[in-house]
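In: With the sequence up front, the predicted model follows.
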Amino acid sequence: MEYDIKDIGLSQKGKDRIEWAERWMPVLKQIRETFIKSQPLKGLKVAACLHVTTETASLMLTLKAGGADIRLCASNPLSTQDDVTAALVNEYEIPVFAIKGEDNETYYKHINAALDFGPRITMDDGADLVSTIHSSKQHLLENVIGGTEETTTGVLRLNQMAKQSVLKYPIIAINDALTKHFFDNRYGTGQSTIDGILRATNILFAGMSVVIAGYGWCGRGVAMRAEGMGANVIITEVDPLKALEAVMDGYSVMPMHEAASVGDVFITVTGNKSVLRKEHFEKMKDGAIMANAGHFNVEINISQLEQISSTMRDSREFVKEYTLANGRRLYVLADGRLINLSSAEGHPSQVMDMSFANQALSVEYLLKHGNELKPIVFKVPDAIDHEIARLKLKALNKNIDALTDEQIKYINTWEEGT
Ligand code: ADE
């Protein structure tokens, strides 16, 4: 079996941690039990480019249990958990190409290795498989039935490809399922981003001014949790609706050029580039900390920060100190890469349970229906979304009401008023 990982000797630790994560992923477990019996993915080649974590391992084991033939590579050079790669290779015989801290060249070498076995389904978190196959591996396109995309940034990229008519196969946008972004983006990013910042710095959030750039589902989650820890939360936005929502949620809202001189901690969650740049660095207080929770490491313009810095040094693991010409010291965490997956373990298993249940069921759906779909981006079918919510409630032992016959009739008529 081909693979490229850091150290196979880490496999027992990885196996123990995967088993712990699975303890908290009951929906995926139920899907796996059905897959074992029905083998819906028998012989299906799947290339997956995801953050290689314990939760991703659980998804890989579910696909394999359904009969899939998988290759896994990383969707970010810093998020790989090396013990997990070892366990996947050594204990579960799943080929993995991922090493934490790999350079750009190795990152793409691994993406190529995942694609070169000729997948029929691609599974992305950030759209790197789709963009690579469409740009430098077009000969593989004819094999592909469809793909899935995990995250907001990837869905944006793929929608652009569809709009420009360059997308050659259908994609299911996992991110847009309600059982994904309501939970993963909000509660997952909310908790894990702060977890990453705290593990990297060990600072106290209470009393800090925390500036959050972006008030989408992820930004809302981070704001809610930062506030809960006693921080003064400031939101910056470009979208008037989201800004208004932040105002009504009780947060201070201001442009970044004002927030720059006030903030103690800056967290970017926009999906856009250069959200923090030279004009902001120059206004920041001595000791200001910057972290990114958006998919790509482009939200903090680090090259501009380097240009205006007289010295740089590693202050502690995941913390880089930049001393500016004005003598102030600014800190960037995890080189501006996804903080929750770089210095912490990513979203907790309970939310990845639902996100990855969407992945597993969408792969099954693509295998059945991919040939009928146009090469554009689709929502996860509502039936799958609702089934996942139902399974999660069942696992949590929560019962809900059912409509009475009278109520069903009422909501299906228009005649009845006051
Ligand atoms: N994205 C965010 N958190 C994650 C996790 N724990 N595993 C895989 N992908 C993730």
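Out: Structure received.

In: contacts, neighbours, all on C-alpha from now
Out: Fine.

In: Name the residues of the stretch 301-418 of the chain found near the ligand, please.
Out: Counting by C-alpha under 6 Å from any ligand atom, the residues of the stretch 301-418 of the chain close to the ligand are Glu345, Gly346, His347, Pro348.

In: Determine the three-state secondary structure at the second one.
Out: Which is Gly346. coil (DSSP: H, G, I helix; E, B strand; the rest coil).

In: neighbour-wise, which of the residues of the stretch 301-418 of the chain next to the ligand leads?
Out: Gly346 (25 neighbours; other C-alpha atoms under 10 Å).

In: Please tell me I have it right and that residue contacts Asn340.
Out: Yes. Gly346 lies in contact with Asn340 (C-alpha atoms under 8 Å); the separation is 4.9 Å.

In: circling back to that earlier point, okay if I get the residues of the stretch 301-418 of the chain next to the ligand as TSV plus pLDDT and distance to Ser11?
Out: Listed next are these as TSV, based on pLDDT from 0 to 100; distance: C-alpha to C-alpha, whole Å:
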residue	pLDDT	distance to Ser11
Glu345	96	17
Gly346	96	20
His347	97	22
Pro348	98	21
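
In: Which members of those are the farthest-apart pair?
Out: Farthest pair in those (C-alpha to C-alpha) is Glu345 and Pro348. Separation: 7.7 Å.

In: which neighbours do these two share?
Out: Ser192 (C-alpha atoms under 8 Å, 6 or more residues apart in numbering).

In: what bits of this protein have low per-residue confidence?
Out: Regions of the chain meeting the criterion pLDDT under 70 are absent.

In: Residue numbers of it in contact with the ligand?
Out: His51, Thr53, Glu55, Thr56, Glu345, Gly346, His347, Pro348.

In: pretty sure Asp401 is in a strand, no?
Out: No. Counting by three-state DSSP, Asp401 falls outside a strand, being coil.

In: count of residues packed around it?
Out: 5.

In: Show me what Ala74 bridges to in the sheet.
Out: As for beta bridges, Ala74 partners with Leu50 under DSSP bridges.

In: Is it correct that it is in contact with Thr53?
Out: No. Contact criterion C-alpha under 8 Å: Ala74 and Thr53 do not qualify, at 9.5 Å.

In: Overlap of the contact sets of the two?
Out: Common neighbours of Ala74 and Thr53 (C-alpha under 8 Å, 6+ apart) are Thr80.

In: higher neighbour count, these two?
Out: Per other C-alpha under 10 Å, whichever of Ala74 and Thr53 has more neighbours is Ala74, with 30 against 26.

In: what residues are up against that one?
Out: With C-alpha under 8 Å, 6+ apart, Ala74 has these contacts: Cys49, Leu50, His51, Val52, Thr80, Phe97, Ala98, Ile99, Tyr107, His110, Ile111.

In: Tell me, how many residues neighbour the nearest residue to the last one once chain neighbours are set aside?
Out: Nearest residue to Ile111 in three dimensions, chain neighbours excluded: Cys73, at 6.1 Å (C-alpha to C-alpha, 6 or more residues apart in numbering). Residues within reach of Cys73, counting by other C-alpha under 10 Å, total 33.

In: How many neighbouring residues does Met208 have?
Out: 19.

In: surely it meets Ala231?
Out: Yes. Contact between Met208 and Ala231 holds when scored by C-alpha under 8 Å: they sit 4.9 Å apart.

In: pull the longest helix from this protein.
Out: As assigned by DSSP state H, the longest helix anywhere in the chain is helix 349-369.

In: which SSE is Asp195 in?
Out: For Asp195, the host element (DSSP states H and E) is helix 189-201.

In: pull the CA atoms of that helix into PDB?
Out: The C-alpha coordinates for helix 189-201 follow below in PDB (Å, rounded to 0.1, in the frame of the first residue of the first chain):
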ATOM      1  CA  THR A 189     -15.800  27.200  15.100                       C
ATOM      2  CA  GLY A 190     -17.000  29.200  18.100                       C
ATOM      3  CA  GLN A 191     -15.500  26.800  20.600                       C
ATOM      4  CA  SER A 192     -12.500  25.500  18.700                       C
ATOM      5  CA  THR A 193     -11.200  28.900  17.600                       C
ATOM      6  CA  ILE A 194     -11.000  30.100  21.200                       C
ATOM      7  CA  ASP A 195      -9.600  26.700  22.200                       C
ATOM      8  CA  GLY A 196      -6.800  27.200  19.600                       C
ATOM      9  CA  ILE A 197      -6.000  30.700  20.800                       C
ATOM     10  CA  LEU A 198      -6.000  29.700  24.400                       C
ATOM     11  CA  ARG A 199      -3.800  26.600  23.800                       C
ATOM     12  CA  ALA A 200      -1.300  28.800  21.800                       C
ATOM     13  CA  THR A 201      -1.200  31.700  24.300                       C
END
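
In: quick one: which of the contacts of Ala74 is nearest to the ligand?
Out: Taking C-alpha to the nearest ligand atom as the measure, the ligand sits nearest to His51 out of the contacts of Ala74, at 4.7 Å.
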